[in-house]
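Undergrad: when you get a sec, could you give me coordinates for this:
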Amino acid sequence: MPSKMIRTDKWPLQATLQQRQLMQDTRDEYRVFCRALSVVVLNNWATLQQAPSFSAAVERLIHPTKKNPSPRHHYFAQRFYKFPSYLRRAAIEFVKGQVSSYLTRYREWQSGYRSRRDAKPPRFNAVAGCYPVMYRGQLVKFDADFTTASLKLWDGKEWLWHNVAIKAVRQRHLLGTVKSPALVFNRHCHLAVPVEIQPEKLPDQQRVCAVDVGINTLATASIVSSNGTVAARRFFHPAADMDRRDKRAAMIRGKARKTGKLSKGFGRTWYRKVQRINENMAQQTSRQLVDFALAEGADMIVLEDLKGWRPKAGKKRSSLRQRFHQWLHRRLATLIEHKMKEAGGKVVYVYARGTSAWAFDGSGRVKRHKTQYELATFQSGKQYNADLGASYNMGARYWAWKHKLTRRKDGQASGGKRSPGSPRMPVTLSTLWRSDEAPNQCVA
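TA: Down below sits the predicted model:
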């Protein structure tokens, strides 16, 4: 049974101008409280760390009660009138993490762990961009169908309840338990709603979805069975979005060639648009890949282990170098892993070298076309898509490791005892055919 996980949804609010002003005042009031509280926690850190309850110890310093009528710091009772207790405790936990992070970085600086020899010590920044946590039942209440949220907001004099309409919600809250959201107010206002879910484990149907992430084609997926049967395959290539991104990249490249020394913030508008197009492509493609794997009965997605790999191809300010910098492998892999885990599946990584350089039928190395690099020619003269063949070999490498025919790290089949010094053949799709003594199968 997969463990429980927390996923955060964004619920936009349809607030009036008056309600937006109240949300801004509530956010500012909470930040002022956290700023003042951080100084108290920083100055009393050693004593607070020894207390049985950190939150209770801080409240004894700032909050007057019947048993504690005269706290050390009277400023909080005078300045923050009727500040909600749950919001105060949320601020204490936030400031605790803020101060702890600063002290950890300062101790590392004192110990000599610095980015450079003349690095200055870290400074404590009490001005933090935090948002108030609206505890359910105390600061926020939802109606039965989650179309209206009642928020307790600060109007400059007191804390009052206000009903705010919710524009739209996802269906994730129907699958789990809704936790206390945070009120986020910038140019737009929304609730960041954490939902605790526990996905059910997917049934094992002896199928995996192998995904090859490329430069020319964004992603190529194939469903590979344990006996080497390719049940389905699909190309994911958002050409329109990639053209929009490449057009802006060409504008950046053209301006850079006319500029001797690039200044700070050069082309920031174009870079921001390129980054957002890439993020949108990664989100949509990862969702399509996971849906494809689930529809074909695969409980696992296989990716190449390219973490930490840096491309070296292309000259400075060239289109090839720029395309490598815009490659979506790590972002796409991270989103696939998150979405697949939420669906109850898994993501595994296999050795990357040689997946597209060797023919999936075991005939040997392939020869890539000079102009159409995605086209591969086998030694037998057969032409095939290199990315598609690479996805076959990736799925085969996982099953070969699963069947203990190889080690996943090197991606090579085990050598025989008679020729220990000879190079071993990398694992391809034909390795599963030979191990199963089955004919070459590809029904897709």
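
Undergrad: contacting residues for residue 77?
TA: By Cβ atoms under 8 Å, 6 or more residues apart in numbering, the residues touching residue 77 are 62-64, 71. The way it works is simple: take the backbone N, C-alpha and C, and place the C-beta from them, glycine included.

Undergrad: which one of these has the most neighbours?
TA: residue 62 (23 neighbours; other Cβ atoms under 10 Å).

Undergrad: which residues of the stretch 51-200 of the chain fall in strands?
TA: 140-142, 148-154, 159-166, 177-178, 182-185, 189-197 (DSSP state E, counting those that start in this stretch).

Undergrad: could I get those as CSV with mean neighbour count and distance to residue 108?
TA: Below are the strands of the stretch 51-200 of the chain laid out as CSV (neighbours: other Cβ atoms under 10 Å; distance: least, Cβ to Cβ, whole Å):
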stretch, mean neighbour count, distance to residue 108
strand 140-142, 18, 38
strand 148-154, 20, 38
strand 159-166, 15, 40
strand 177-178, 14, 38
strand 182-185, 19, 29
strand 189-197, 18, 31
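
Undergrad: what packs against the host helix or strand of residue 246?
TA: Here residue 246, judged by DSSP states H and E, is contained in helix 239-257. Here helix 239-257 touches helix 268-295, helix 319-325, going by 3 or more Cβ pairs under 8 Å, 6 or more residues apart in numbering; DSSP states H and E.

Undergrad: any weak-confidence spans in the stretch 101-250 of the chain?
TA: By pLDDT under 70, the stretch 101-250 of the chain has no low-scoring segment.

Undergrad: from the contacts of residue 77, pick the one nearest residue 146.
TA: residue 63 (33.4 Å; Cβ to Cβ).

Undergrad: return the distance of the residue found closest to the closest one once you drop the neighbours it is linked to in the chain relative to residue 159.
TA: In this structure, residue 63 finds its nearest non-sequential neighbour in residue 71, 6.2 Å apart by Cβ to Cβ, 6 or more residues apart in numbering. Computed as Cβ to Cβ, to the nearest Å, the residue 71 to residue 159 distance reads 21 Å.

Undergrad: need the helices and strands packed on helix 239-257 in JSON lines with mean pLDDT, can you?
TA: Compiled in JSON lines, these are given as follows (pLDDT from 0 to 100):
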{"stretch": "helix 268-295", "mean pLDDT": "93"}
{"stretch": "helix 319-325", "mean pLDDT": "70"}
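
Undergrad: tell me which of these is the most buried.
TA: Scoring these by mean neighbour count under mean count of other Cβ atoms under 10 Å gives helix 268-295 as the most buried, with a mean of 17.

Undergrad: run through the neighbouring helices and strands of that helix.
TA: Helix 268-295 is packed against strand 207-213, strand 219-225, strand 230-236, helix 239-257, strand 300-304, helix 329-342, with contacts defined by 3+ Cβ pairs under 8 Å, 6+ apart.

Undergrad: closest to residue 45 out of the strands of the stretch 51-200 of the chain?
TA: Nearest of these (Cβ to Cβ): strand 182-185, 25.4 Å.

Undergrad: got the CA positions of the closest one in CSV?
TA: Provided in CSV are the C-alpha atoms of strand 182-185 (Å, rounded to 0.1, in the frame of the first residue of the first chain):
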residue,chain,number,x,y,z
ALA,A,182,-3.0,29.3,3.1
LEU,A,183,-4.4,32.6,1.9
VAL,A,184,-2.2,33.8,-1.0
PHE,A,185,-2.6,37.3,-2.2
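
Undergrad: just use 462 as the starting number from now, easier for me
TA: Taking 462 as the first residue, the last one we looked at is strand 643-646.

Undergrad: for residue 598, grab the count of nearby residues.
TA: 8.

Undergrad: what sits against it?
TA: Applying Cβ under 8 Å, 6+ apart, no residues contact residue 598.

Undergrad: unless I'm mixing things up, residue 649 is touching residue 473, no?
TA: Yes - judged on Cβ atoms under 8 Å, residue 649 makes contact with residue 473 at a distance of 6.7 Å.

Undergrad: residue contacts, the nearest residue to residue 617 once chain neighbours are set aside?
TA: Leaving aside its sequence neighbours, residue 617 sits nearest to residue 486 (Cβ to Cβ, 6+ apart; 6.2 Å). Applying Cβ under 8 Å, 6+ apart, one finds that residue 486 lies in contact with 614-617.

Undergrad: any idea how far residue 479 is from residue 486?
TA: Per Cβ to Cβ, residue 486 is found 11 Å from residue 479.

Undergrad: and if you look at residue 633?
TA: Residue 633 sits 31 Å away from residue 479, going by Cβ to Cβ.

Undergrad: so for those two, which residue has more residues nearby?
TA: Neighbour totals were compared for residue 633 and residue 479, and residue 633 leads with 15 against 10 (other Cβ under 10 Å).

Undergrad: and for the more buried one, nearest residue in space, chain neighbours not counted?
TA: Nearest non-adjacent residue to residue 633, counting by Cβ to Cβ, 6+ apart: residue 656, 5.1 Å away.

Undergrad: what is the one you found paired to in the beta sheet?
TA: Counting by DSSP bridges, residue 656 forms beta bridges with residue 468, residue 639.

Undergrad: wait, isn't it in contact with residue 635?
TA: No - the pair residue 656 and residue 635 fails to qualify as a contact (Cβ under 8 Å) at a distance of 9.3 Å.

Undergrad: need the contact list for residue 665.
TA: Applying Cβ under 8 Å, 6+ apart to residue 665 gives the contacts residue 760.

Undergrad: doesn't it belong to a strand?
TA: No - Residue 665 is assigned coil when assessed by DSSP: H, G, I helix; E, B strand; the rest coil, not a strand.

Undergrad: that one and residue 689, how far apart?
TA: Residue 665 sits 17 Å away from residue 689, going by Cβ to Cβ.

Undergrad: re earlier: now the helices and strands packed on helix 700-718 as CSV including distance to residue 585?
TA: Below are the helices and strands packed on helix 700-718 laid out as CSV (distance: least, Cβ to Cβ, whole Å):
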stretch, distance to residue 585
helix 729-756, 29
helix 780-786, 35
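
Undergrad: out of those helices, nearest to residue 695?
TA: helix 729-756 (5.8 Å).

Undergrad: what's the distance between residue 520 and residue 603?
TA: Residue 520 is 28 Å from residue 603, by Cβ to Cβ.

Undergrad: repeat that for residue 861.
TA: Counting by Cβ to Cβ, the gap from residue 861 to residue 603 is 51 Å.
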